[in-house]
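Trainee: Predicted structure and sequence below. I'll ask about it afterward.
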Amino acid sequence: MLKIKDLHAVVEEDGSEILKGVNLTINKGEVHAIMGPNGSGKSTLSKVVAGHPAYEVTAGDILFEGESILELDPEERAHKGIFLAFQYPVEVPGVTNKTLLRQAYNTIAKAQGKEELDPIEFEDYVAERMEVVEMRPEFLERSVNAGFSGGEKKRNEIFQMAVLNPKLSFLDETDSGLDIDALKVVAEGINQISGKENSIVMVTHYQRILDYIVPDHVHVMVDGRIVKSGEKDLALKLEEQGYDWLAEIPSAAVNGQK
Amino acid sequence: MSTEALESMVGGEYKYGFTTNVEYEEFPRGINEDIIREISRRKDEPEWVTEFRLEAYEKWKQMEEPNWHNVHYESPDFENIQYYSATKKNNGKRPESLDDVDPEIIATYEKLGIPLQEQKQLQGIAVDAIFDSESIFTTFKEKLKEEGVIFCSISEAIHDYPEIVKKYLGTVVPKGDNFYAALNSAVFSDGSFCYVPKDTVCPMELASYFRINNEQSGQFERTLIICEENSKVSYLEGCTAPKFSSTQMHAAVVELVALENAEIKYSTIQNWYSGDEKGQGGVFNFVTKRGHCRGDNSKISWTQVETGSAITWKYPSVILQGDNSVGEFFSVAVTSNRQQADTGTKMIHIGKNTTSTIISKGISAGESNNSYRGQVKISSRAENAKNYSVCDSMLIGQTCGAHTFPYIESANPTAKVEHEASTSRVGEDQIFYLQQRGMSEDDAVSLIVNGFAKDVLKELPMEFAVEADKLLGIKLEGSVG
């Protein structure tokens, strides 16, 4: 589904290189976790895949369903089914969640040649999706993220994902800022959405969300590269030992990982 | 998005920029007593109107152009403006039916989305169509008359209802009120007149549609609305003009009078041509609008969506004289390219328990400058007067400006005045967020701006809210570059 090949990216403003040759392959239906210390480039990777204008790709490629998406605008990537749950979701005062969701849903449906939903049909559809993350109906009438607590914002991201049903979702630190109950609800929601058709990439600092969502693959990112890949037990090892031991691994070993 | 695509969108944004090919009566440029008498003569006005004009002209000659506002432009050459512009076909005469109206003008209104033909007329809205200096046609006039409501052009009202006009004209905005009001009082051409008798709720929305077509002329609209005791009316005006590389002047005076328990709701969608990205051309919009809550428990509400004009200078105000009277001002002002707007309101509290609300939303993009200027004045006898003001500014891009100039004066210790202000910037992150949810950059900006302006847009009559919504989107297309 997604193939990232030797991806290099710089911050457009100052030219500093953040991604220094990332290789990653994600197949349909898989759940991946990307871990790593602060500043290793995890969040940047998800933003670059989504097409954030602050970054420029200087080498390598990102293939989605076999085609390069580097030239596509962010919204065109979204139309193809790429979703990013933001680490810091933005507020859009005066625009209700319902308005945003319906416009987003219909824009993407239209681009994919699917049927758009009128307000009444959409209401029914949304009501059903709300159950996935245990959202209350009055939530729909509130302005997008305005005055939300950190936890509510994160939940809202997963709710949007549930409504838009993307093929590939990057969840950027969705677990941070959640108390344990909220974490369970969010994890439960993610588990319901992920399936044979949908792939999920969790970008996280902590192992604890992986207690609820079991990844098929775990990758460790250090200094703009994926330095180690493994299965769930790798996450546990990181939790116990930190990241320092990985710094020793020469990058040659990394390039062998595909 | 490529730069060319962006530019072509910006260039194509103003869809009302076409010109209608009509023949105009000759009329000399410049301003003097003879010109004023000639306007009056062509309009076949009674002597008292001519006198009104000449007195205003005398005052105007003594006055100086205002320079306290936060806009910069080259002072218009008042001797080079044509103050009256009538089409050959009409030439000051009132058309009896649409058959007397130049078909080109009818087609123009159709193109603007305001069909005048009976079978196509907008339902539930009576329209007064004003083209340059003339009222071309007023729809549903007869139907309104059945309810006692008079809706016609001011010229017509001067002929047919002189007592009412004489009683109210110039009583809210005096002849010498300010430089542009004095100029208007001297040379005013057409505008709308509306009179709602006692105990009457006007059965439909009233609307005036102003169109400037003649490059050489200015438009000096004069509008007067009177709402008698226990009556109610909702009025809307729309404004467009062709794209010319020269500037045109629109100096209007609007007077509203609300008697006891009366309510006037006045909405504006102003979309005059705003000039190009280099600041060439566009309309100078110098407007004096004032409402007078003369009776107890009366209410006047201004709602404006200001998207056009090169320069806007406009402060729709309310004099709250009657006890318990209510004044409201809801405004969205959008400026892009090189546009400059200095707009706001004045709420003058005189009566007891008077309340006023000001909600102003300024949106600046491009290299434009957008200023809010508002005065809240509470006189010594305005016991328990209350004002609540919110002024929010939104910036798009790095090269625009937003300014707020609130003036608050209170001479009564029981008064409560609240003022809130905020400034925000539409950020790359906000746009990226919405793009990630599938929306184009323009749709993202449009959504953000509409959310920002929602508290004002919801005050518009339903039919116009949709239009205003679209207008904001179109206006800001390509503004994030």
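Mentor: Done, it's in.
Trainee: give me every residue that touches B:Asp429.
Mentor: By Cβ atoms under 8 Å, 6 or more residues apart in numbering or on different chains, B:Asp429 lies in contact with A:Tyr88, A:Val90. For glycine as for every other residue, the C-beta is placed from the backbone atoms N, C-alpha and C.
Trainee: and with 10 Å instead?
Mentor: A:His52, A:Pro53, A:Ala54, A:Phe86, A:Tyr88, A:Pro89, A:Val90 (Cβ atoms under 10 Å, 6 or more residues apart in numbering or on different chains).
Trainee: Return only those of the residues you listed found close to chain B.
Mentor: With Cβ under 10 Å from any Cβ of the partner chain as the criterion, the contacts of B:Asp429 include A:His52, A:Pro53, A:Ala54, A:Phe86, A:Tyr88, A:Pro89, A:Val90 near chain B.
Trainee: ok, which stretches of chain B are helices?
Mentor: In chain B, the segments counted as helices under DSSP state H are B:3-11, B:33-42, B:47-62, B:103-111, B:141-146, B:154-160, B:162-168, B:179-187, B:428-436, B:441-452, B:454-457, B:462-475.
Trainee: let me redo that: the stretch 101-250 of chain A
Mentor: A:119-130, A:150-164, A:180-193, A:232-241 (DSSP state H, counting those that start in this stretch).
Trainee: quick one: which of the ones you listed is nearest B:Ala157?
Mentor: For these, the distance to B:Ala157 is smallest for helix A:119-130, at 44.4 Å, taking Cβ to Cβ.
Trainee: by how many degrees do the closest one and helix A:180-193 diverge?
Mentor: Interaxial angle, helix A:119-130 versus helix A:180-193 (axes from the mean of the first three to the mean of the last three Cα atoms, to 10 degrees): 120 degrees.
Trainee: helices or strands next to helix A:119-130 in the packing?
Mentor: helix A:97-111, helix A:150-164, helix A:180-193 (3 or more Cβ pairs under 10 Å, 6 or more residues apart in numbering or on different chains; DSSP states H and E).
Trainee: For the helices of the stretch 101-250 of chain A, give me a markdown table that also has distance to B:Pro406.
Mentor: Shown next, in a markdown table, are these (distance: least, Cβ to Cβ, whole Å):
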| stretch | distance to B:Pro406 |
| --- | --- |
| helix A:119-130 | 40 |
| helix A:150-164 | 33 |
| helix A:180-193 | 42 |
| helix A:232-241 | 56 |
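Trainee: Burial-wise, tell me which of those comes out on top.
Mentor: helix A:150-164 (a mean of 22; mean count of other Cβ atoms under 10 Å in any protein chain shown).
Trainee: how many degrees apart are that helix and helix B:428-436 in direction?
Mentor: Using the same axes, to 10 degrees: helix A:150-164 against helix B:428-436 is 30 degrees.
Trainee: pLDDT on helix A:150-164, on average?
Mentor: Helix A:150-164 comes out with an average pLDDT of 92.
Trainee: tally of neighbours for the residue lying closest to A:Glu75 once chain neighbours are set aside?
Mentor: Excluding the flanking residues, the one nearest A:Glu75 by Cβ to Cβ, 6 or more residues apart in numbering or on different chains is B:Gln435, at 4.5 Å. When neighbours are counted by other Cβ atoms under 10 Å in any protein chain shown, B:Gln435 registers 23.
Trainee: quick one, what contacts B:Gln435?
Mentor: A:50-53, A:73-78, B:441, B:443-444.
Trainee: Out of the residues you listed, which sit inside helices?
Mentor: Among the contacts of B:Gln435, the members falling in helices (DSSP H) are A:Ala50, A:Pro74, A:Glu75, A:Glu76, A:Arg77, A:Ala78, B:Glu441, B:Asp443, B:Ala444.
Trainee: how about the helices of chain B, which one is nearest A:Ile200?
Mentor: Nearest to A:Ile200, of all the helices of chain B, is helix B:428-436, at 16.0 Å by Cβ to Cβ.
Trainee: what comes up buried for the closest one?
Mentor: Neighbour-count burial for helix B:428-436, counted by 16 or more other Cβ atoms under 10 Å in any protein chain shown, picks out B:Gln430, B:Ile431, B:Phe432, B:Tyr433, B:Leu434, B:Gln435, B:Gln436.
Trainee: Same list (the residues you listed) but as a markdown table, adding pLDDT.
Mentor: As requested, those are exported to a markdown table (pLDDT from 0 to 100):
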| residue | pLDDT |
| --- | --- |
| B:Gln430 | 90 |
| B:Ile431 | 92 |
| B:Phe432 | 95 |
| B:Tyr433 | 96 |
| B:Leu434 | 96 |
| B:Gln435 | 96 |
| B:Gln436 | 97 |
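Trainee: which among the residues you listed gets closest to B:Gly282?
Mentor: B:Ile431 (27.6 Å).
Trainee: Contacts only, for the closest one.
Mentor: Taking Cβ under 10 Å, 6+ apart, one finds A:53, A:74, A:90, B:396, B:439-445, B:447-448, B:480 in contact with B:Ile431.
Trainee: How about the residues of chain B by chain A?
Mentor: B:1, B:361, B:392, B:394, B:422, B:424, B:427-441, B:443-444, B:447-455, B:457-458.
Trainee: quick one: which of the contacts of B:Ile431 has the most company?
Mentor: Result: B:Ile448 is most packed of the contacts of B:Ile431 (other Cβ under 10 Å), 28 neighbours.
Trainee: residue in chain A nearest to chain B?
Mentor: Going by Cβ to the nearest Cβ, chain B is nearest to A:Gly94 of chain A, at 3.0 Å.
Trainee: Three-state assignment for that residue, please.
Mentor: Secondary structure, DSSP: H, G, I helix; E, B strand; the rest coil: A:Gly94 is strand.
Trainee: If you tally nearby residues, what's the number for A:Glu71?
Mentor: So A:Glu71, with other Cβ under 10 Å, has 8 neighbours.
Trainee: A:His79 contacts A:Gln112, correct?
Mentor: Yes: using Cβ atoms under 10 Å, A:His79 and A:Gln112 qualify as a contacting pair, with a distance of 6.5 Å.
Trainee: Comparing these two, which shows the higher neighbour count?
Mentor: Using other Cβ under 10 Å, the more surrounded residue of A:His79 and A:Gln112 is A:His79, with 17 against 12.
Trainee: List the contacts of the residue lying closest to the more buried one once chain neighbours are set aside.
Mentor: For A:His79, ignoring the flanking residues on the chain, the nearest one in space by Cβ to Cβ, 6+ apart is A:Ala111 at 3.6 Å. Each residue near A:Ala111 by Cβ under 10 Å, 6+ apart is listed here: A:Glu75, A:Glu76, A:Ala78, A:His79, A:Lys80, A:Gly81, B:Gly438.
Trainee: Can you tell me, leaving aside adjacent residues, what's nearest to the residue positioned nearest the centre of chain A?
Mentor: Most central in chain A under Cα atoms, centre = their mean is A:Phe170, positioned 1.4 Å from the mean C-alpha point. Distance criterion Cβ to Cβ, 6+ apart; nearest residue to A:Phe170, sequence neighbours excluded, is A:Ser46 at 3.8 Å.
Trainee: does that neighbour count as helix, strand or coil?
Mentor: Applying three-state DSSP: A:Ser46 is helix.
Trainee: Quick check: the closest residue to A:Glu152 other than its chain neighbours vs A:Ile193, distance?
Mentor: Distance criterion Cβ to Cβ, 6+ apart; nearest residue to A:Glu152, sequence neighbours excluded, is A:Asn145 at 7.9 Å. Taking Cβ to Cβ, to the nearest Å as the measure, A:Asn145 falls 20 Å from A:Ile193.
Trainee: nearest residue to A:Thr99 other than its sequence neighbours?
Mentor: Nearest non-adjacent residue to A:Thr99, counting by Cβ to Cβ, 6+ apart: B:Leu447, 7.6 Å away.
Trainee: doesn't A:Pro93 make contact with that neighbour?
Mentor: No: between B:Leu447 and A:Pro93 there is no contact under Cβ under 10 Å: 11.2 Å.
Trainee: All set now, cheers.
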